[in-house]
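*Asks:* need a structure here:
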Amino acid sequence: MTQANPEDPRAVRLVELVRSFGAERDLDVLLGKIMDAVTRELGADRASLFLYDGEKDELWSKVAQGLDSRELRFPAGKGLAGHVARSGEVLNVPDAYADGRFNPEFDRQTGYRTRSVLCVPLRRRDGAVIGVAQALNRRDGQPFDAADAARLETLAALAAVAVENSMLHEENEALFENTVLTTAQAIEERDPATSGHVWRVSAFSVALAKAVQERAAEFGQSYDRDRLRQLRYAGLLHDVGKIGVREAVLTKARKLAEPAVELIAERLRRMAAEAGTPFAGSEFARAVELVRRANEPRPLSEEDRAALGALRAADRLTEAECAALSIPKGTLTQTEWQDMRSHPERSFRVLSRIRWPRRLAAVPEIARDHHEQVSGKGYTRQLKGDEIPFDARIVAVADVYDALTATDRPYKPAIPHEKAKGIMDNMAKSGELDERLNALFFAAECFKAPKG
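*Replies:* All right, here's what the predicted structure looks like:
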């Protein structure tokens with residue numbers, strides 16, 4: 001492009017538009033910038049920009065809605081924009097309602113009255129039409145003229161290059177998205193006992209972040225779509241490190257496997273026979289009941305712990321069996337628990353190998369730190385308070401809620417919502433969770449976020 005004459009305001013604005021369009025990769029934002037430029041440069045009342053899907057013969061556009069956006073699609077068979085998309089012609093219509101190709105449906109829906117329309121195609125580098133730009137109703141009441149058409153064609157040429165680049169960028173983003181979703185699915189299949197967990201944690205986390213955004217001044221945090229996407233990915237991938245945890249540990253539903261419990265029961269039956277004691281109703285039968293009860297992941301009572309110790313002292317349990325059955329809560333031994341606790345650091349190592357775009361660069365850190373506690377007693381780095389990334393504190397709240405209320409865990413029953421809230425409120429008071437985020441999670445009903 002030739003150097004703009006600094007005395008030519010139109011040329012200067014053209015250079016500014018080239019820079020503005022070229023710097024924007026977000027298609028939603030780019031479409032808005034193009035429509036603003038068309039409206040301003042042509043003195044139009046309104047402008048619209050539609051992209052053309054030749055395979056489906058549809059026009060489509062995106063409409064921003066806060067931190068989200070929705071896609072609008074409609075057939076290209078009717079309307080001036082559809083005619084331009086199909087034919088590649090430039091249309092300058094001074095009286096829309098006098099042209100049989102005009103579709104008045106949008107006017108009926110919105111109450112707007114279209115008079116004059118200037119419509120030009122956006123062409124890809126290879127000449128194919130990828131969209132249509134429209135200017136509606138010159139503000140001075142006059143129809144658009146040849147100079148307007150030339151100006152809009154120039155804008156459309158600039159916009160087409162930017163739109164094509166943005167669409168290529170979105171294709172790369174879609175590839176990235178599919179990679180993340182496939183990895184999340186692999187995590188789910190690795191541990192069927194927690195099926196759906198990462199999807200729910202991701203949804204809860206995004207819902208909580210949006211609630212924070214509504215109170216941005218209070219929390220000193222703000223979220224745009226990139227940061228929400230980063231958080232969503234961190235939620236989906238926060239347990240990816242479990243891929244490196246041993247299968248026997250990851251899927252351990254009880255303290256001892258059923259064959260081991262049956263072996264103990266058979267040994268006790270044999271001991272009863274050798275002692276000449278009927279098994280049914282004997283202390284041996286009560287010992288089997290104790291073993292089965294202690295083998296469940298629920299908290300072990302002091303009475304049962306002492307009884308297990310007595311069985312070990314009488315050589316009715318081996319040292320390893322007694323140690324496993326005496327686990328006070330859950331199913332994991334200390335060694336197994338340390339293996340399980342290593343998964344956040346494993347997640348960090350796995351995710352750090354990915355070349356994340358700058359706007360998503362914190363995904364590995366958020367995933368690593370979601371088990372840190374405000375009190376400093378979490379793992380793996382024992383961070384305290386604000387040392388923990390804010391988004392990791394969000395994932396922590398979402399993770400705990402789902403762990404408590406999930407209905408698909410074979411080793412524990414689901415906890416009702418109100419009871420889970422009470423447990424989490426206590427955890428927040430003791431410094432296990434961020435107190436303000438925990439309170440907001442329930443106040444904003446983030447637990448109702450749709451999963452998926």
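*Asks:* Now for the spatially closest residue to residue 444 that is not a sequence neighbour: which residues touch it?
*Replies:* Distances taken as Cβ to Cβ, 6 or more residues apart in numbering place residue 211 nearest to residue 444, at 3.8 Å, with adjacent residues excluded. No exception for glycine: its C-beta is placed from N, CA and C like everyone else's. Going by Cβ atoms under 8 Å, 6 or more residues apart in numbering, residue 211 touches 440-441, 443-444, 446.
*Asks:* secondary structure class for the residue nearest in space to the middle of the chain?
*Replies:* What sits nearest the mean C-alpha location of the chain, by Cα atoms, centre = their mean, is residue 232, with 2.5 Å. Three-state call for residue 232 (DSSP: H, G, I helix; E, B strand; the rest coil): helix.
*Asks:* Could you check how far it is from residue 225?
*Replies:* Applying Cβ to Cβ, to the nearest Å, the value for residue 232 to residue 225 is 10 Å.
*Asks:* from the middle of its chain, how far away would the lengthiest helix in the chain be?
*Replies:* Ranked by residue count and defined by DSSP state H, the top helix of the chain is helix 146-190. Mean-position distance between helix 146-190 and its chain equals 19 Å (Cα atoms, centre = their mean, to the nearest Å).
*Asks:* helices or strands up against it?
*Replies:* helix 9-23, helix 27-41, strand 44-53, strand 91-93, strand 117-123, strand 129-138, helix 197-213, helix 225-237 (3 or more Cβ pairs under 8 Å, 6 or more residues apart in numbering; DSSP states H and E).
*Asks:* What residues of the third one count as buried?
*Replies:* Put plainly, it is strand 44-53. Judged by neighbour count using 16 or more other Cβ atoms under 10 Å, the buried positions of strand 44-53 are 44-45, 47-52.
*Asks:* any chance of those residues in JSON lines, with pLDDT and distance to residue 59 too?
*Replies:* Listed next are those as JSON lines, based on pLDDT from 0 to 100; distance: Cβ to Cβ, whole Å:
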{"residue": "44", "pLDDT": "93", "distance to residue 59": "19"}
{"residue": "45", "pLDDT": "92", "distance to residue 59": "21"}
{"residue": "47", "pLDDT": "89", "distance to residue 59": "15"}
{"residue": "48", "pLDDT": "85", "distance to residue 59": "10"}
{"residue": "49", "pLDDT": "86", "distance to residue 59": "10"}
{"residue": "50", "pLDDT": "88", "distance to residue 59": "4"}
{"residue": "51", "pLDDT": "87", "distance to residue 59": "7"}
{"residue": "52", "pLDDT": "89", "distance to residue 59": "6"}
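*Asks:* can you redo those residues as a markdown table with distance to residue 349?
*Replies:* Shown next, in a markdown table, are the buried residues of strand 44-53 (distance: Cβ to Cβ, whole Å):
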| residue | distance to residue 349 |
| --- | --- |
| 44 | 55 |
| 45 | 57 |
| 47 | 50 |
| 48 | 48 |
| 49 | 44 |
| 50 | 46 |
| 51 | 41 |
| 52 | 45 |
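*Asks:* Out of those residues, flag the one nearest to residue 352.
*Replies:* Residue 352 lies nearest to residue 51 out of those, by Cβ to Cβ, at 36.5 Å.
*Asks:* Can you get me a residue count around the closest residue to residue 46 other than its chain neighbours?
*Replies:* Leaving out its chain neighbours, the residue that sits closest to residue 46 by Cβ to Cβ, 6+ apart is residue 136, at 4.4 Å. For residue 136, the count of nearby residues is 22 (other Cβ atoms under 10 Å).
*Asks:* so how far is residue 80 from residue 136?
*Replies:* Distance from residue 136 to residue 80, by Cβ to Cβ: 10 Å.
*Asks:* cool, and residue 349?
*Replies:* Distance from residue 349 to residue 80, by Cβ to Cβ: 56 Å.
*Asks:* picking up where we left off before, what's the closest of the helices and strands packed on helix 146-190 to residue 310?
*Replies:* Nearest to residue 310, of all these, is helix 197-213, at 39.0 Å by Cβ to Cβ.
*Asks:* Quick one: name whatever helix or strand follows that closest one.
*Replies:* Once helix 197-213 ends, the next helix or strand along the chain (criterion: DSSP states H and E) is helix 216-219.
*Asks:* quick one: average pLDDT of that following helix?
*Replies:* Mean per-residue pLDDT for helix 216-219: 96.
*Asks:* Ok, stretch 84-99 next?
*Replies:* For stretch 84-99, mean pLDDT is 94.
*Asks:* residues of it that come out buried?
*Replies:* Neighbour count says stretch 84-99 has 84-86, 91-93, 96 buried, by 16+ other Cβ under 10 Å.
*Asks:* Stretch 377-388 too?
*Replies:* Neighbour-count burial for stretch 377-388, with 16+ other Cβ under 10 Å as criterion, is recorded at 378-381, 383, 388.
*Asks:* Wait, the residue nearest to the centre of the chain touches residue 204, no?
*Replies:* No - under the criterion of Cβ atoms under 8 Å, residue 232 makes no contact with residue 204, lying 10.7 Å away.
*Asks:* Please report the distance of residue 360 from residue 346.
*Replies:* Taken as Cβ to Cβ, the span from residue 360 to residue 346 is 20 Å.
*Asks:* got it, and residue 250?
*Replies:* From residue 250 across to residue 346, the span is 12 Å (Cβ to Cβ).
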